[in-house]
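Q: Pasting the sequence and the predicted model now:
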Amino acid sequence: MTVCCCGETLTGLVLAEDPLTLVWLGELGKGAGKGGGGGGSVREAGGAFGKRQVAEEERYFRQKEKEQMESLRKHHAEEIDHHKKEIERLQKEIHRHEGKIRKLKHDD
C-alpha cells in the first residue's frame, strides 16, 4: 500500500525504490541449460515458443510499467490541482484577516 502526501491511499500502483537490473547469461527463450533459464515449461522447452513467451512477457511488463507511470502522472497532477486550490483558499483567508486588521486600525 502506498500513501501520498495528502494521506490518500494509492491502489494498484507499485512504486520501486531502486531500478531493477537483470543480467542474463544467455539469450532468453533458448531453454533451460542453454543460458535461457528455466522460466516455466514453455521457456524450458526453448525454440520459437520460448522466444515468443519471452517477447510476450516483456511486452506485458512494458505495458504494465506504462500504465503505472500514467497513473502516477495523473495522481501527481491531481495533487498539484488540490494544492493550488488550497493555496487560493488560504490566500482568501489571509485577505479576509488583513481586512479585519485594517478595520480595527481604522476604528482606533
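A: Yep, that arrived.
Q: Quick one: list the elements packing against the lengthiest helix in the chain.
A: The longest helix of the chain (DSSP state H) is helix 47-107. Using 3 or more Cβ pairs under 8 Å, 6 or more residues apart in numbering; DSSP states H and E, the elements in contact with helix 47-107 are helix 41-45. Every residue, glycine included, has its C-beta placed from N, CA and C.
Q: Do me a favour and average the pLDDT over the longest helix of the chain.
A: Across helix 47-107, the average pLDDT comes to 95.
Q: Tell me how far Glu88 lies from Asp108.
A: Glu88 sits 31 Å away from Asp108, going by Cβ to Cβ, to the nearest Å.
Q: More neighbours: the two, which one.
A: The residue with more neighbours, out of Glu88 and Asp108, is Glu88; 10 against 4, by other Cβ atoms under 10 Å.
Q: That one and Leu104: what is the separation?
A: 25 Å.
Q: just Phe49 next, same as before
A: Distance from Phe49 to Leu104, by Cβ to Cβ: 82 Å.
Q: Neighbour count: the two, which is higher?
A: The residue with more neighbours, out of Phe49 and Leu104, is Phe49; 14 against 9, by other Cβ under 10 Å.
Q: Tell me, what's the model's pLDDT at Glu44?
A: pLDDT, Glu44: 68.
Q: typo on my end, it should be Leu22
A: pLDDT, read off for Leu22, is 44.
Q: Residue numbering should commence at 32 henceforth.
A: From this message on, residue numbering opens at 32, which makes the last subject Leu53.
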